[in-house]
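Asker: only geometry, no sequence info:
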């Protein structure tokens, strides 16, 4: 425990230290991996992992991901299912980032607004 922060709640301690919760940290790592798959960093492993629906008629970003349908609830915890909902909510500037470094900066800005 860091001295002086004992009286604060978990969320307040994270905010004071400038950190994300474990849940947001996992989401951040998942979205970074999804960006790498979609930009072609993992050529053979990422084939067919996501289905894109690119259109200029949609609000937000123009490259939405299609959510698959599963019969059992356990498959809703898969990587692809965890990422799709959040990816489709990101603005066009974040999704169309030219590099991974730029995407990480824009992702941090988007996730910090969720705190």
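Answerer: Good, I have the coordinates. Nothing here was measured: the structure is a model prediction, and the numbers come from that model.
Asker: Run a quick check on residue 81 versus residue 50, I expect a contact.
Answerer: No: contact criterion Cβ atoms under 8 Å: residue 81 and residue 50 do not qualify, at 10.8 Å. All C-beta atoms are positioned from the backbone trio N, CA, C, and that covers glycine.
Asker: Of the two, give the one with the bigger neighbour count.
Answerer: Legend: neighbour count by other Cβ atoms under 10 Å for residue 81 and residue 50, higher for residue 50 (19 against 13).
Asker: Secondary structure element for residue 64, which one?
Answerer: strand 63-65 (DSSP states H and E).
Asker: looking only at pLDDT, what's the mean for that strand?
Answerer: Taken as a whole, strand 63-65 has a mean pLDDT of 79.
Asker: Give me the sheet partners of it and which way each runs.
Answerer: strand 52-54 (antiparallel) (DSSP bridges).
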